[in-house]
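Chemist: Here is my input, please return the structure:
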Amino acid sequence: MLQTHFTLEIQNGDLSVYRNGAVILRGRVDLRGGGPSVSQEAHGWRIEHPGQAQDIFHLRTSGHWFGGLELINQLWPLEKAMLDASPLITSDNGPQGLSGILTPLWLASSGAAILAEGDQELHISVNRSNTNQPTFAWSLDQPAPPHQRPPADDGTGDRLLQLSGPGLRYRLLVGDDAVEAWRACLRHLGHPPSVPPEALWRAPIWTTWARFKMFITQERIIEFADEIIAHGYPHGVMEVDDKWQTCYGDLVFDPARFPAPRAMIDALHQRGFAVTCWVMPFINPDAQNFTIARRRGYLQRQADGSPRSLRWWQGEGYLLDVANAEAMEWFAHNLRAMQAATGLDGFKFDAGEAIFAQELEGAEKPGSSSQLLPPKGGSLEMRLKVA
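Modeler: Residues are numbered from 1 along each chain as shown. The predicted structure follows:
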């Protein structure tokens, strides 16, 4: 059996990757600062630039492209879309089309893959239009049309994948085909360290949001559970969504809507449901926790050190500083206290998208929102993304 031979050539900035003499990837690297350093590794090469750089790759050379991006207007293969230049950050209704699950990996049917390192500032574009690329401002109130985020290729796309950023770093990984290239990527991406509780997968997670939106009460939730059982539907978790608290940011049930939260949760347990509550990293100024968080420095700050508000889908609020270990311990303590008081099994963590932190112009950058973890042994539903 012949051994597959891969080679990388960079001449005057032009980049080519060959498999047994046939091109599987073409591009061009930025030569500013003397150009990138290139180190050979198992299954490919690592590229690192000394400063600001923009590298491009020709989409057509490598067949079809997949991976990387959850898009609002999801188009496959990726070259069917025209994605304008965007920071690679997770978004809720992202203005150019980026959504909540992003991995800086682009995989070609030719057997070539591009895997950027995650701990860097990275901007990307995929087949952006040369003439009429639509651009939109981020808005939760009036988001741009979904079919335009991103738009389908109308023939004006530049047929390029572009990566840019300070100290740009990525790997070119190769295989006999796309499957082998993907396996090469897994050596760097890794696997989840543990398996979520089986109960979260065996039966549906029922959410009050789908049925009632914000108009929830203790009585309605019990009736909802009884309807599910009466119809013979499988049931595992009842997630109590917006709006169970009096003020956003306080971790206490609204006594007007939920006069006896422990009794409600006990009743749901008796019916075979685990029970979780929706929480998010925002604290609105009318919450009691706002005064505490502001005084202790637990909120995301502007450059001058003062907390800065941002708009989210339930008004003006402030963002918990997830990079502050003391703030996170305070938050976790409040979650555990709520569990102890009510018998709650766990939480649904929402709004982990990095775009909310980006909106705090001039603010200190937060750490990964994956630090928002439940108390040990609790149930967990996550809408929690890592940029």
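Chemist: Would you map the helices across the chain?
Modeler: Assignment of helices within the chain using DSSP state H yields the ranges 178-189, 199-202, 208-212, 218-230, 261-270, 288-296, 325-342, 355-358.
Chemist: mean confidence for the last one?
Modeler: Helix 355-358 carries an average pLDDT of 79.
Chemist: and what of the second one?
Modeler: The average pLDDT within helix 199-202 is 81.
Chemist: Mind giving me the packing neighbours of that helix?
Modeler: The elements that helix 199-202 packs onto, with contact taken as 3 or more CB pairs under 8 Å, 6 or more residues apart in numbering; DSSP states H and E, are strand 379-382. (Glycine included, C-beta is placed from N, CA and C.)
Chemist: Determine how far stretch 30-40 lies from the middle of the whole chain.
Modeler: Stretch 30-40 has its C-alpha centroid displaced from the chain centroid by 30 Å (CA atoms, centre = their mean, to the nearest Å).
Chemist: Now do the buried residues in that stretch.
Modeler: Buried residues in stretch 30-40, counting neighbours by 16 or more other CB atoms under 10 Å, are found at Asp30, Gly35, Pro36.
Chemist: what sits against His123?
Modeler: His123 makes contacts with Ala85, Ser86, Pro87, Leu88, Gln162, Leu163, Ser164, Gly165, as judged by CB atoms under 8 Å, 6 or more residues apart in numbering.
Chemist: Relative to Gly35, how far out is the last one?
Modeler: So the one you mean is Gly165. Gly165 is 16 Å from Gly35, where distance means CB to CB, to the nearest Å.
Chemist: One more: the fifth one?
Modeler: Applying CB to CB, the value for Gln162 to Gly35 is 17 Å.
Chemist: Please apply the same query to the second one.
Modeler: According to CB to CB, Ser86 stands 26 Å off from Gly35.
Chemist: Next: the fourth one.
Modeler: Applying CB to CB, the value for Leu88 to Gly35 is 23 Å.
Chemist: How many residues are close by the nearest residue to His5 once chain neighbours are set aside?
Modeler: What sits nearest to His5 in space, not counting adjacent residues and going by CB to CB, 6 or more residues apart in numbering, is Asn20, at 5.5 Å. Asn20 has 12 neighbouring residues, counting by other CB atoms under 10 Å.
Chemist: Among the contacts of His123, which one sits closest to Gly315?
Modeler: Out of those, the one with the shortest distance to Gly315 is Pro87. That distance is 25.4 Å, counting by CB to CB.
Chemist: ok, the closest one - how many residues close by?
Modeler: For Pro87, the tally of surrounding residues (other CB under 10 Å) stands at 18.
Chemist: same thing with Thr291?
Modeler: Thr291 is flanked by 11 other residues according to other CB under 10 Å.
Chemist: For the stretch 51-200 of the chain, just list every one of the strands.
Modeler: 52-58, 65-66, 69-71, 83-87, 98-102, 105-108, 112-116, 123-126, 160-166, 169-174 (DSSP state E, counting those that start in this stretch).
Chemist: And the fourth one, what does it pack against?
Modeler: Looking back up the chat, that one is strand 83-87. On a contact count with 3+ CB pairs under 8 Å, 6+ apart, strand 83-87 meets strand 123-126.
Chemist: Give me the sheet partners of the strand it packs on and which way each runs.
Modeler: Strands flanking strand 123-126 in the sheet, each with its direction: strand 83-87 (antiparallel), strand 160-166 (antiparallel) (DSSP bridges).
Chemist: looking only at pLDDT, what's the mean for that strand?
Modeler: Per-residue pLDDT values across strand 123-126 average out to 96.
Chemist: for that strand, the distance to its chain's centre please.
Modeler: Mean-position distance between strand 123-126 and its chain equals 16 Å (CA atoms, centre = their mean).
Chemist: if we can go back for a sec, figure out which of the strands paired with strand 123-126 is closest to Gly94.
Modeler: strand 83-87 (7.4 Å).
Chemist: list the buried ones in that closest one?
Modeler: Neighbour counts using 16+ other CB under 10 Å place Leu83, Asp84, Ser86, Pro87 of strand 83-87 among the buried residues.
Chemist: ok now that strand, how far from the chain's centre?
Modeler: Offset of strand 83-87 from its chain centre (CA atoms, centre = their mean): 16 Å.
Chemist: How about His147, nearest residue that isn't a chain neighbour?
Modeler: Taking CB to CB, 6+ apart as the measure, His147 lies nearest to Asn73, with 5.4 Å between them; neighbours along the chain are not counted.
Chemist: The one you found reaches Ala152, doesn't it?
Modeler: Yes. Under the contact definition of CB atoms under 8 Å, Asn73 touches Ala152, with a separation of 7.5 Å.
Chemist: related to what we said a few turns ago, could you dump the buried residues of strand 83-87 to a markdown table with pLDDT and distance to Phe349?
Modeler: Below are the buried residues of strand 83-87 laid out as a markdown table (pLDDT from 0 to 100; distance: CB to CB, whole Å):
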| residue | pLDDT | distance to Phe349 |
| --- | --- | --- |
| Leu83 | 95 | 28 |
| Asp84 | 93 | 30 |
| Ser86 | 91 | 25 |
| Pro87 | 93 | 23 |
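Chemist: from those, which two are the most distant?
Modeler: In the buried residues of strand 83-87, two members sit farther apart than any others by CB to CB. They are Leu83 and Pro87, at 12.0 Å.
Chemist: what ranges of this structure fall below the confidence cut-off?
Modeler: Flagging of the chain using pLDDT under 70 yields the residue ranges 1-3, 359-387.
Chemist: To what extent is Phe331 buried, counted in neighbours?
Modeler: Taking other CB under 10 Å as the definition, Phe331 ends up with a neighbour count of 23.
Chemist: Give me the distance between it and Val322.
Modeler: 8 Å.
Chemist: what do you get for Leu160?
Modeler: Relative to Val322, Leu160 is positioned 35 Å away (CB to CB).
Chemist: Looking at those two, which is more packed in?
Modeler: Here Leu160 and Val322 are compared on neighbour count by other CB under 10 Å; more neighbours surround Val322, at 21 against 18.
Chemist: still on that earlier bit, pick the most deeply packed of the helices of the chain.
Modeler: Most buried of these, by mean neighbour count (mean count of other CB atoms under 10 Å): helix 355-358, with a mean of 22.
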